[in-house]
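*Asks:* Predicted model and sequence follow; I will ask about them next.
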Amino acid sequence: MTTSDTSGIAELARGSLVVLCAASGVVVVVAFYFPSVVLRALPGGALLTVSLVFFGSALAYLAALPAGDADLRTGQRVPYRLRLRRSLSIETVRGFFARQDAVRFGVPIAGLTLFFFAWIGAESATRAVIGAVEGLFLRDLAWLFQGAMLVCVLFSLALLVGPWGEIRLGGPDAEPSYTYSAYFAMVFTAGIAAGIVLWGPAEALFHYDTVPPFLDAEPRSAAASVGALQYTMFHWGLSAWSTYVVIGVPIAYYVHNRDAPLRVSSLLAPVFGPDEEDLDNAWTKLVDILAMFATIGGVATSVALVGRQFLAGIQYQWGVEFDGLAPVLFVAGLTAVFVVSAVSGVRRGIRRLAAVNLILFCLFGLLLAGVGPLNFAVDRGGAALTGYTVDFLSMSLSTGGTEWAAGWTIWYWSWWFSWAPFVGLFLAALSKGRRIRTVALTGAVATTGVTLAWFVLVGGSALALQSGGTDILATMARYGFPEAVAGYPLFDAFTLGRLLSFIFLGLVLAFMVTSADTSTLVVSVLATDGRAPATTTRVFWGVVQGLVGVGVLLLGGGDTLRTVAVLTGGPFAVIALIAAAGAGRTFYREERGRTSVLTAIREALDRG
């Protein structure tokens, strides 16, 4: 197939996407403002299909626009047409398998297959075994997660203000491959997923109703509202983002400055050596396999869960009941979009969708700030931020209320550690040409700032309505996924409520796509034999994630598989400690003579 032929096909595909987006968009917009008119003409399943076509075609069109792609490791641009021509003309089944690392490819596939067979054949026994492991990790080993998380925060802060922050990834002359705005957008949207949208109005309400044991406050009191925001900040703030930095910075250093292979296991370079031959052993393969399983299991089950949550929102918004195939349809449509984005590469699909996602995120925040109870949110948020800062160490070390901590804080810590491999690897790949201080500032501080602002605004608004007499908690209790519907009674109370609900649904999809396309690309990198993953490899692993999500929906066991995936956070809590210790030792030995922020400030003051 010639380049001109493929170019013509691509133009036709993009034109078709524009038509689909425009036509379906009219139906969706009318449905939001005149639901009775549309629902008389379209059954619930058809309306869901039209909604998915609208959001999916818009996102896919952005991903499919032509541009120079970029190699994930080097950041060098590759002409899009040449890459498209190769991918359409030479890939075969034999060539596909020849590019895979047999162990890193085979073991995750076998593990996921065995899980589903075990679930089908012995559901009770499988659930019992996983429940026992969960109890061990989240209760008996809670101290491990608490200690490892605190080390991650301290290490990130050391990179931010210490002399090692001066190290430039890729060498003194390396230049960044992406603008800072694109860099931040990709890091933020890959690392947070749709959870920030759905839990934005919900988590503070849960803590307001059932106060965390650490806090001394009566449920549903003014003090409880401050404490609720404080603990939401704690769960989603600096601790969460620091895990990505601790995994990502060592990988970035050994890949870009010591020519190690682009794999999660490269953070073990201080133990085995940076050469690819040194890093090809049973231990490094185990690390990469755990990373792949955590990524596939965590993201795929999140896709399935978000499908059900999205439908719960549609049910609330339009009063539409869906049959059992509706979530499968949702997962299939979402899979198609994030596969297109992953195939299109970092510079096209992933970068563009991340930018659009962040723009929608900011637009939503500005609209809510304009029509919502901003004074209440800022007042409670300011008090919560003060409490979060003052009590950070105490909350980090608190083991009070073991069951509550296991169900909330320790679960969150395990979740962030399980996502750290793929987000950390992606952060490492994007960071060539940047100083480590910039990576820490972006990956831990700037992302935390945006995250906390979101929870103050959205969570604070929900608390304002709840404390003012609008019983959002009672509405949430009527649905199987209460966190999924928390936002809609909140938005209904405001001017522009319909528009806010519309953007809110779009954000759920956009955030899930921008995490799933990144995870697809990262898993494709980990599974290959060291070469850049081909188009068929990206499609394969994207489809695998979609199939796992569909399997969860059809067979059940989603919570159990999600628990298995999250429990890989236990090994990665240990690996994070090894990464921090190894990187610190390497920096101390090989990167001396650099200036810390504190030293620079002191010298400037002395000169002044």
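*Replies:* Arrived safely.

*Asks:* other SSEs contacting the helix or strand encompassing residue 549?
*Replies:* Per DSSP states H and E, residue 549 falls inside helix 535-555. Applying 3 or more Cβ pairs under 8 Å, 6 or more residues apart in numbering; DSSP states H and E, we find helix 535-555 packed against helix 93-98, helix 102-121, helix 282-318, helix 325-344, helix 497-527, helix 558-567. Every C-beta, even on glycine, is put in place using the N, C-alpha and C of the backbone.

*Asks:* Quick check: which of those helices is buried the most?
*Replies:* Greatest average neighbour count among the helices and strands packed on helix 535-555 goes to helix 497-527 (a mean of 25), per mean count of other Cβ atoms under 10 Å.

*Asks:* Helix 282-318 and that one, what's the angle between them?
*Replies:* 160 degrees (axes from the mean of the first three to the mean of the last three Cα atoms, to 10 degrees).

*Asks:* Let me know the distance separating residue 304 from residue 332.
*Replies:* As judged by Cβ to Cβ, to the nearest Å, residue 304 and residue 332 stand 11 Å apart.

*Asks:* Determine the residues that are contacts of both of the two.
*Replies:* Common neighbours of residue 304 and residue 332, using Cβ atoms under 8 Å, 6 or more residues apart in numbering, are residue 550.

*Asks:* ranges for the strands of the chain?
*Replies:* Applying DSSP state E to the chain gives strands spanning 69-70, 77-78.

*Asks:* returning to that earlier point: I'd like to know which of the helices and strands packed on helix 535-555 is closest to residue 53.
*Replies:* Closest approach to residue 53 among the helices and strands packed on helix 535-555 (Cβ to Cβ): helix 325-344, 7.7 Å.

*Asks:* Who are the packing partners of that closest one?
*Replies:* Using 3+ Cβ pairs under 8 Å, 6+ apart: helix 325-344 touches helix 44-64, helix 282-318, helix 497-527, helix 535-555.

*Asks:* Least confident of those, on average?
*Replies:* When those are compared by mean pLDDT, helix 44-64 comes last with a mean of 70.

*Asks:* If I take it and helix 282-318, what angle do their directions form?
*Replies:* Using the same axes, to 10 degrees: helix 44-64 against helix 282-318 is 130 degrees.

*Asks:* Which strands or helices does helix 44-64 pack on?
*Replies:* Using 3+ Cβ pairs under 8 Å, 6+ apart: helix 44-64 touches helix 3-33, helix 282-318, helix 325-344, helix 351-371, helix 497-527.

*Asks:* Residue 137: what's it in contact with?
*Replies:* Residue 137 sits in contact with 145, 414, 567, 569, 570, where contact means Cβ under 8 Å, 6+ apart.

*Asks:* circling back: go through the strands of the chain and find the least confident stretch.
*Replies:* strand 77-78 has the lowest average pLDDT among the strands of the chain, namely a mean of 48.

*Asks:* so residue 211 touches residue 219, yeah?
*Replies:* Yes - in this structure residue 211 lies within contact range of residue 219 using Cβ atoms under 8 Å: 5.4 Å.

*Asks:* Name the residue in these two with the higher neighbour count.
*Replies:* The neighbour comparison of residue 211 against residue 219 (other Cβ atoms under 10 Å) goes to residue 211, with 21 against 11.

*Asks:* Could you pull up phi and psi at the more buried one?
*Replies:* phi -70, psi 130 (degrees, to the nearest 10).

*Asks:* how close does it sit to residue 231?
*Replies:* 9 Å.

*Asks:* Likewise for residue 511?
*Replies:* 22 Å.

*Asks:* cool, and residue 137?
*Replies:* Relative to residue 231, and taking Cβ to Cβ, residue 137 is found at 21 Å.

*Asks:* swap in residue 210?
*Replies:* In terms of Cβ to Cβ, residue 210 sits 11 Å off from residue 231.

*Asks:* Settle it for me: which of these two has more neighbours?
*Replies:* The neighbour comparison of residue 210 against residue 231 (other Cβ under 10 Å) goes to residue 231, with 25 against 14.

*Asks:* contacting residues around the residue nearest to residue 299 when sequence neighbours are not counted?
*Replies:* With Cβ to Cβ, 6 or more residues apart in numbering as the criterion, residue 299 has its nearest non-adjacent residue at 4.4 Å, and that residue is residue 519. Counting by Cβ under 8 Å, 6+ apart, residue 519 makes contact with 295, 296, 299, 422, 545.

*Asks:* so the third one touches residue 515, yeah?
*Replies:* Yes - with contact defined as Cβ under 8 Å, residue 299 reaches residue 515; the gap is 6.4 Å.

*Asks:* Which neighbours do these two have in common?
*Replies:* In contact with both residue 299 and residue 515: residue 193, using Cβ under 8 Å, 6+ apart.

*Asks:* ok, so of the contacts of residue 137, who is nearest residue 163?
*Replies:* residue 145 (29.4 Å).

*Asks:* if I look at the closest one, how far off is residue 110?
*Replies:* Relative to residue 110, and taking Cβ to Cβ, residue 145 is found at 28 Å.

*Asks:* Next: residue 391.
*Replies:* 45 Å.

*Asks:* Could I have the CA atoms of stretch 492-509 written out in CSV?
*Replies:* Once non-C-alpha atoms are left out, stretch 492-509 reads as follows in CSV (Å, rounded to 0.1, in the frame of the first residue of the first chain):
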residue,chain,number,x,y,z
ASP,A,492,-28.6,20.4,39.7
ALA,A,493,-28.6,23.0,42.4
PHE,A,494,-26.6,25.5,40.3
THR,A,495,-27.1,27.7,37.3
LEU,A,496,-25.6,25.9,34.2
GLY,A,497,-26.2,22.6,36.0
ARG,A,498,-26.9,20.8,32.7
LEU,A,499,-23.7,22.1,31.2
LEU,A,500,-21.7,21.0,34.3
SER,A,501,-23.2,17.5,34.1
PHE,A,502,-22.4,17.3,30.4
ILE,A,503,-18.7,18.3,30.9
PHE,A,504,-18.5,16.0,34.0
LEU,A,505,-19.5,13.0,31.9
GLY,A,506,-17.0,14.0,29.3
LEU,A,507,-14.3,14.3,31.9
VAL,A,508,-15.0,10.7,33.2
LEU,A,509,-14.4,9.4,29.7
